[in-house]
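Asks: Model the structure of this input:
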Amino acid sequence: MANNSYSGVKNSLVEANHDAEFGCTLKELRSLMELRGAEAISKLGESYGDTQGLCNRLKTSPADDCGKAAGGVEDEHESEAGWIEGAAILLSVICVVLVTAFNDWSKEKQFRGLQSRIEQEQKFTVVRGGQVIQIPVAEIVVGDVAQIKYGDLLPADGVLIQGNDLKIDESSLTGESDHVKKTQEKDPMLLSGTHVMEGSGKMVVTAVGVNSQTGIIFTLLGVNEDDDEDEDEKKKEKEEKKKQRKSKKQDGSLENRKKAKAHDGAAMEMQPLNSDEGADAEEKKKSNLPKKEKSVLQGKLTKLAVQIGKAGLVMSAITVIILVVLFVVDTFWIQNLSWVKECTPIYIQFFVKFFIIGVTVLVVAVPEGLPLAVTISLAYSVKKMMKDNNLVRHLDACETMGNATAICSDKTGTLTMNRMTVVQAYIAEKHYKKVPEAENIPSNALELLILGIAVNCAYTSKIMSPEKEGGLPRQVGNKTECALLGFCNDLKRDYQTIRNEIPEEKLYKVYTFNSVRKSMSTVLKMADGSFRMFSKGASEILLKKCYKILTANGEPKVFRPRDRDDVVKKVIEPMASEGLRTICLGYRDFPATEGEPDWDNENDILSGLTCISVVGIEDPVRPEVPDAIKKCQRAGITVRMVTGDNINTARAIATKCGILLPGDDFICLEGKEFNRRIRNEKGEIEQERIDKIWPKLRVLARSSPTDKHTLVKGIIDSTVAEQRQVVAVTGDGTNDGPALKKADVGFAMGIAGTDVAKEASDIILTDDNFSSIVKAVMWGRNVYDSISKFLQFQLTVNVVAVIVAFTGACITQDSPLKAVQMLWVNLIMDTFASLALATEPPTESLLLRRPYGRNKPLISRTMMKNILGHGVYQLIIIFSLLFAGEQLFDIDNGRNAPLNAPPSEHYTIVFNTFVLMQLFNEINARKIHGERNVFEGIFNNLIFCSIVFGTFVIQIVIVQFGGKPFSCVALTIDQWLWCTFFGFSSLLWGQVISSIPTSRLKFLKTAGHGTQKEEIPDEELDELDDMEEIDHAERELRRGQILWFRGLNRIQTQIRVVKAFRSSISLYEGLEKPESRTSIHNFMTHPEFRIEDSEPHIPLIDDTDAEDDAPTKRNSASPRNTTPTPPSPLPSPATTEAPTTPVSPSPNMNNNAVESSNHLLPEGPKPGTPSAPGSPLHSLETSL
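Replies: Residues are numbered from 1 along each chain as shown. Alright, predicted model coming up:
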């Protein structure tokens, strides 16, 4: 208080010029005050009459008392300094806003850079000056001859000049999902933005950029002017969706349901996609809807932030109310003063001050740093992941990866090196364990072998000279084909001379490789008018189509099924058990006398082959993969291999990688067996059946892209495990698009991946390496932990600051922490702390725990223990200083100061101690799992160190030189040391808290759970649909399906009962039809699946003999299918599996959990043709 009186004297000396205003001079008053006792009274009486007279002269009234406000009348000096607090608050707000805006801007800039990098990396193969080169898409010019192949996204318009079995998906331009066959004769026009789905060829570029078809469409749309239109469209879409939801509720007809599904965001998610329609449907969806799922973490954070915000709002409102009530009661009730007009401005000043305190409490309570922390953490992680060969396309994929519980990985190129070499061969009835010498092979067989390899490998595949001297030759194009071409070189023969003699244009017909054929064939027209076809493909498949084989002298001889079994047992199985991929090479002659065959009848063409050779190709496992898989398993992530290779090769590689461990209870299945097990009697997929298989499944061999999609969907939709599975998938082919899209995180291969796969993915592996996926898991978990660290720090500050401001305001009618100080604390704990804690680098220890899962709360019990423990310590220190600080430090009391009193040392010490405790607690917040060593790895994070140090320096400046704006007074060295000691003690207190076992503290609650589906109000569903929220939207859809099917089944049952009475049909037969028990999952998923297509052809396990004459058996199995059925979107087992999927001679080898006769179906006719008059579906149609 001494300070106050001194400043009062100083002010009075300055302002001595008020004589004219008052009835007495300063000199008179001074002389009056020098008198004492009776002398003073007589002087007062002479000059002024009495005290009332003095009051009149000084223009004041003893009656007009403003209570406490009297002490608060400002002098002019005070009023001049009044603007400082407002300006300081404004400055703090500007700081926070600018820092946030800068962070957002830098994040946006960074992602634009990533996007442009993805675009720049897209290259295309063109022929210039006779040389085949790869150039960036932007450099393609009109007149270039471009080579196009399966999986390409065409970057320019052009005209086909040579093509092999070329099929284009033009859905992105026309909307038609059917693939368009391109030939020079019928339709040679190729358009930009379309996808090559099959085949290969060359085109001459005729239009690029804005002049291409895609460019013209973009120009018409007016790319730059459509921002406003987008918003209108979104509104319209929302309204449409609302209508559809209503119509879904009201109308039960199938037509309406299909229409609604066609528009619904989740519709594509629910569809099975095969190679024909998959990519284009996904592509269409990609173009219509930006991928913006609300990630698990964002969902939890949003919910938590709203809860904290509401609590803060309530607290600030209560603070303001209590302050106002206390002031009013004290002034007008206890002091019994009446409201005087002159005092109104002073009362208003008090109310404004109370309001500012309330706002301060609110500002501190609301954690606006949360979204910033997420943004910084993700942006930082994404930037760093680039160095770990992960190019993140969707921001939230990084965080989702931290929750991954399953990884479905490709084999070739991901687990293996993707550098194929032929290491064994079976030629002319002899099995060579090493590549044979050319002299040991009959010349006839050798010529056929070299010619077949040279022309029947894509001309884009070639062996180039090594980039560095002494390096391995470079393999360009398809790796399997490169292995065969390398085999030619090993046999001292040059394939290029043959290609020069027979250029690509002279090839008569090419059947390119696709996932259905699993083989490639090339037809040559010979000089005598006959045709010769060379074929290569999976050995199990192609050997079944061979009826001759070349003997030791190079002549063909008959190849009987018994001989084939011998080759399989003695050659193919030993190769496969060593992890080799087996490829069969064959040929067939079509004599000129028989005329030209019908090339479109592939089944007839691809039969009657003569086997030239079977080769074993090795793709060595990447050296770092076994260790990476071990890390995944330790981290609680199941790795599954999904490959197109045969089961023996897949099992051998899986064992080398460590996916299969001796003594484990696992299943290895082939695609055909997998399909047989997951489908019911009607050929429909049932979730319950998938649930029996996937937990133990480790290897899925000979799988089609549809199998991959089905497996991923089945695992994601499963509810068997304790928590929902979060699945990551790797893929490189166009056909992997659906599975990549369906997965929680899709990884596309940067080197081997096609454009379609990259489009559908979330993260691109720039080195195609599995160990990069493990790095992504590490970064994902690190994001999660960084956010938790920030939350632990932020909530401790929140709790303490709110309680201090609230209690202090209620007891002393003033907040111990002033508005500007609170804003500084807010800046520390929000912006700086999020920057410091969100940029912690990941450590290997992150992989030592299991995934958190979707329902794991953000704030665990241990974190809650830390928050409350540190909160209690800080509150004890702050309140001790607040109510006993003046005695401890022997300073003036700062409590109950008048309205505009200058800053006090007391409150400066409280503020300083509070900030320093937060600084040291920031170090405590680095550990959230109860670890003791909080300094571990602290110097690895320079950002953290510099922010803590920088904040400390700024705090010194604020306290020592902040003055009135920051309500601070310079402190002495002793006071600083005490403040620092109180702050440092929070580190020691942290050790005490760590010693308390969390398991004992049962009363602690967790917070920040994921949103449950029951909690979503209807109006929010629209927003969720827009954001393509997979979890909730799909669950809601599922709920609707269940209701719809219950109704449907009831109607069916009732109609059957009525019909049963009418036509004396057994009631039991009607009620127990399989239709009434079908899986909902399936009916919705496969609307196009037709019962007659799939029902009679469920393949059994032991069908080795059946497949020798598969076509005849198939026909005899279904005499009613006289006309060929059109292909269904999901290839039915009958049409694709019989000819393409091999039968493992010992399907149960090593499979501890396989029961061979579980799902064998009884023979005999199957009921249920859709149009059968007695069937429930028919009766339903008639009734509707």
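Asks: Quick one: the helices in the stretch 651-800 of the chain, in order.
Replies: Residue ranges of the helices in the stretch 651-800 of the chain, as given by DSSP state H, counting those that start in this stretch, are 671-678, 687-693, 705-717, 737-742, 755-760, 770-812.
Asks: mind checking which of the ones you listed is nearest Gly312?
Replies: Among those, the nearest to Gly312 by C-beta to C-beta is helix 770-812 (6.8 Å). C-beta coordinates here come from the backbone N, C-alpha and C atoms, glycine included.
Asks: could you give me the average pLDDT of that closest one?
Replies: Average pLDDT, helix 770-812: 85.
Asks: Figure out which of the helices of the stretch 651-800 of the chain is closest to Met189.
Replies: helix 755-760 (20.1 Å).
Asks: quick one: average pLDDT of that closest one?
Replies: 79.
Asks: same question, stretch 938-954
Replies: In the prediction, stretch 938-954 has an average pLDDT of 90.
Asks: Run the chain-centre distance for it.
Replies: Computed by C-alpha atoms, centre = their mean, to the nearest Å, the chain-centroid distance of stretch 938-954 equals 31 Å.
Asks: how about it: buried residues?
Replies: 941, 943-944, 947-948, 951 (16 or more other C-beta atoms under 10 Å).
Asks: between those residues, which is closest to Leu32?
Replies: Thr951 (55.0 Å).
Asks: For that closest one, give me its contacts.
Replies: 828, 832, 919 (C-beta atoms under 8 Å, 6 or more residues apart in numbering).
Asks: So which of these belong to helices?
Replies: Leu919 (DSSP state H).
Asks: doesn't Val132 fall inside a strand?
Replies: Yes. When classified by DSSP: H, G, I helix; E, B strand; the rest coil, Val132 is found to be part of a strand.
Asks: Kindly state the beta-bridge partners for it.
Replies: Beta-bridge pairing of Val132 under DSSP bridges involves Val127.
Asks: what does the model give the spatially most central residue of the chain for pLDDT?
Replies: Nearest to the mean C-alpha position of the chain, counting by C-alpha atoms, centre = their mean, stands Ala397 at 2.3 Å. At Ala397, the pLDDT value in this model is 83.
Asks: same question, the one 10 residues further on
Replies: The confidence metric pLDDT takes the value 92 at Ile407.
Asks: same thing with Lys742?
Replies: 87.
Asks: next one: Leu44
Replies: 78.
Asks: What of Asp264?
Replies: 37.
Asks: before we move on, the earlier item: just the helices of the stretch 651-800 of the chain: most buried one?
Replies: A comparison of the helices of the stretch 651-800 of the chain by mean neighbour count, using mean count of other C-beta atoms under 10 Å, puts helix 737-742 on top with a mean of 29.
Asks: Quick one: list the elements packing against it.
Replies: helix 278-288, helix 705-717, strand 727-731, strand 745-749, helix 755-760 (3 or more C-beta pairs under 8 Å, 6 or more residues apart in numbering; DSSP states H and E).
Asks: The ones you listed: which one's closest to Val621?
Replies: Of all the helices and strands packed on helix 737-742, strand 727-731 comes closest under C-beta to C-beta, at 15.3 Å.
Asks: Tell me which strands that closest one pairs with, and in which orientation.
Replies: strand 406-409 (parallel), strand 745-749 (parallel).
Asks: Which SSE is immediately downstream of the first one?
Replies: Sequence-wise, the next helix or strand downstream of strand 406-409 (DSSP states H and E) is strand 421-427.
Asks: Just confirm Lys181 contacts Asp187, I think it does.
Replies: Yes. Between Lys181 and Asp187 there is a contact at 7.2 Å, judged by C-beta atoms under 8 Å.
Asks: Low-confidence bits of the stretch 351-500 of the chain, can you list those?
Replies: Counting by pLDDT under 70, the ranges of the stretch 351-500 of the chain that qualify are 368-369, 470-471.
Asks: now the helices for it?
Replies: 369-387, 395-401, 443-455, 479-490, 495-501.
Asks: cool, and the stretch 1-150 of the chain?
Replies: Under DSSP H, counting those that start in this stretch, the stretch 1-150 of the chain gives helices at 2-14, 26-33, 37-48, 51-57, 76-81, 83-121.
Asks: which stretch in those helices is the model least sure about?
Replies: helix 2-14 has the lowest average pLDDT among the helices of the stretch 1-150 of the chain, namely a mean of 40.
Asks: Secondary structure element holding Ala884?
Replies: Here Ala884 is assigned to helix 861-889, by DSSP H and E.
Asks: Could you give the separation of that helix from the chain centroid?
Replies: On C-alpha atoms, centre = their mean, the centre of helix 861-889 falls 41 Å from that of its chain.
Asks: Quick one: mean pLDDT for that helix?
Replies: 91.
Asks: Just the buried positions in it, please.
Replies: For helix 861-889, by 16+ other C-beta under 10 Å, it's 861-871, 873-874, 877-879, 881-882, 885-886, 889.
Asks: and that helix with helix 770-812, angle?
Replies: Angle, helix 861-889 to helix 770-812, by axes from the mean of the first three to the mean of the last three C-alpha atoms, to 10 degrees: 40 degrees.
Asks: Now do helix 861-889: which elements does it pack against?
Replies: Using 3+ C-beta pairs under 8 Å, 6+ apart, helix 861-889 is in contact with helix 770-812, helix 905-924, helix 973-995.
Asks: Could you dump the ones you listed into JSON lines and include distance to Gln298?
Replies: Converted to JSON lines, those look like this (distance: least, C-beta to C-beta, whole Å):
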{"stretch": "helix 770-812", "distance to Gln298": "10"}
{"stretch": "helix 905-924", "distance to Gln298": "24"}
{"stretch": "helix 973-995", "distance to Gln298": "30"}
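Asks: Nearest to Asp707, out of those?
Replies: Comparing the helices and strands packed on helix 861-889 by C-beta to C-beta, helix 770-812 comes nearest, at 20.6 Å.
Asks: angle of the closest one against helix 369-387?
Replies: Using the same axes, to 10 degrees: helix 770-812 against helix 369-387 is 160 degrees.
Asks: and helix 770-812, how far from the chain's centre?
Replies: With C-alpha atoms, centre = their mean, you get 22 Å for helix 770-812.
Asks: Check stretch 935-951 too.
Replies: For stretch 935-951, the distance to the chain centre is 29 Å (C-alpha atoms, centre = their mean).
Asks: End to end on that stretch, go ahead and measure it.
Replies: 18 Å (C-alpha to C-alpha, to the nearest Å).
Asks: Could you do stretch 681-699 as well?
Replies: 25 Å.
Asks: what do you get for stretch 604-615?
Replies: 25 Å.
Asks: Go through it and flag the buried ones.
Replies: Buried residues in stretch 604-615 (16+ other C-beta under 10 Å): 605-606, 609-615.
Asks: And the residues you listed, which two are furthest apart?
Replies: The most distant members of these, if one measures by C-beta to C-beta, are Ile605 and Val615, lying 23.0 Å apart.
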